[in-house]
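1. Requesting a structural model of the entry that follows:
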Amino acid sequence: MEAGVSDLIIVGAGPAGLTASIYASRYRIGHQVLGLLSGGAMTEAYKICNFPSEVSISGWELAQKIENNARQLGGKIEAGEVIKISGCYPNFQLELADGRKLMSKTILLASGAKRRHLGLPNEAKFLGHGLAYCATCDGPFFKNKVVGVVGGGNCAATAVIFLSTIATQVLWFYLGSEPNAVEPGWLEEIRKQSNIKLMARSEIKGLSGDNHLTGVVVNRDNKTETINLEGLFVEIGSEPNSELLQPLGGIVNEGGYIVVDKTQATTIPGIWAAGDVTTSSNGLRQIITACSEGAIAADSIFKFLKQQA
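-> Numbering: from 1, shown residues only. Okay, the predicted model is just below:
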């Protein structure tokens, strides 16, 4: 690694970025990891039951284990938000929100995805006042209250399960007749809980309340009604954080996900991408696939740097 120039900077400290750091350390690639939160969105998971080494573990605990492994191998992981990338191989410049400017020969974008919002006019008004996007973060504030969860996927299902251990009642709003996108195991657990009410064919059309959320306006079976509740958790999917690549001319698909090849390389020489921000792993976007993509990217970067030496 040249003075002042990293061989590799990894943007994002989720499972893809941390695993890439583990492999980069083993390959003796001079690198650093920059991220707003070590562990990324993984830390928000209430319970993970599909990671091979764990029967059941919280996302925070798993994130700590992976981060500890990365640090013990020599990975330099620090808080930092990259706001702009310019230049080209081997002189990429990364600008950070705190004013720093870093140089690197190669870059791995493991920037993950951000929560999708409902898009309602008064949504921002109720954020932190009854409206939340993370059940494990904010759920404990709703002990013995009536809450709702909107969304029809696995993230919504696990939020429902977690909140059922805290709230008096959990109303689960989703669009279809059945939450077909949810793993059967989660549905079995949900149906065992007496304080969970399934609200099928429900579309949230509005939020009600003055200074705090007091209810939701729901279109259900072609009828509009206001349902009283004290908290609403939005779990309707995510949007990829691919903004850093697009100004450089990197190709993304119609959903904004970064297009990569089998080595996790993007269409920009010297930049790779891994994890939830990419089109890789057939769109599965699981912790284990993010780890796999991070490992593949680090291996590809090692071979690339060796060829260029």
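2. show me where the stretch 51-200 of the chain has helices.
-> Remark: helices assigned in the stretch 51-200 of the chain by DSSP state H, counting those that start in this stretch are 59-72, 123-126, 135-138, 154-164, 184-191.
3. Quick one, which of those gets closest to G237.
-> Comparing the helices of the stretch 51-200 of the chain by their distance to G237 (Cβ to Cβ), the top pick is helix 154-164, with 7.7 Å. Every residue, glycine included, has its C-beta placed from N, CA and C.
4. Verify the contact between A24 and S6 for me.
-> No: shown here, A24 and S6 do not form a contact pair, counting by Cβ atoms under 8 Å, at 10.2 Å.
5. Compare these two (neighbour count), which wins?
-> When neighbours are counted by other Cβ atoms under 10 Å, A24 and S6 differ, and A24 comes out ahead with 29 against 21.
6. how much space between that one and A298?
-> 5 Å (Cβ to Cβ, to the nearest Å).
7. Any stretches of the stretch 151-300 of the chain with poor pLDDT?
-> For the stretch 151-300 of the chain, applying pLDDT under 70 flags no range at all.
8. List the beta-bridge partners for M103.
-> With DSSP bridges applied, M103 shows beta-bridge pairing to V5, Q93.
9. Can you tell me which residue sits nearest the middle of this structure?
-> A41 (3.9 Å; Cα atoms, centre = their mean).
10. any idea how far A20 is from E44?
-> 21 Å.
11. more neighbours, these two?
-> Under the criterion of other Cβ under 10 Å, the comparison of A20 against E44 puts A20 first, with 34 against 21.
12. before we move on, what SS does the more buried one have?
-> At A20 the chain is in helix, as set by DSSP: H, G, I helix; E, B strand; the rest coil.
13. who does I48 bridge with?
-> With DSSP bridges as the rule, I48 is bridged to I57.
14. got the contact list for stretch 85-101?
-> 5, 9, 11, 34, 80-84, 102-107, 244-245, 247-248, 268-271, 308 (Cβ atoms under 8 Å, 6 or more residues apart in numbering).
15. and if you look at stretch 272-286?
-> Here stretch 272-286 makes contact (Cβ under 8 Å, 6+ apart) with 12, 14-17, 20, 41, 50, 106-113, 238, 240-242, 245, 253, 257-260, 263-266, 289-290, 292-294, 296-297, 300-301.
16. Buried ones in it, by neighbour count?
-> Neighbour counts over stretch 272-286 (16 or more other Cβ atoms under 10 Å) mark W272, A273, A274, G275, D276, V277, T278, T279, S280, S281, R285 as buried.
17. same deal with stretch 194-209?
-> Buried residues in stretch 194-209, counted by 16+ other Cβ under 10 Å: I196, L198, M199, S202, I204, G206, L207, G209.
18. follow-up on the earlier one: please spell out the PyMOL selection for the buried subset of the contacts of stretch 272-286.
-> Applying 16+ other Cβ under 10 Å to the contacts of stretch 272-286, the buried members can be selected in PyMOL as follows:
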select buried, resi 12+14+15+16+17+20+41+106+107+108+109+110+111+112+113+238+240+241+242+245+257+258+259+260+264+265+266+289+290+292+293+294+296+297+300+301
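19. From the contacts of stretch 272-286, which land in strands?
-> T106, I107, L108, L109, A113, S238, P240 (DSSP state E).
20. of all those, which comes closest to K145?
-> The closest of the ones in strands among the contacts of stretch 272-286 to K145 turns out to be S238 (Cβ to Cβ; 26.2 Å).
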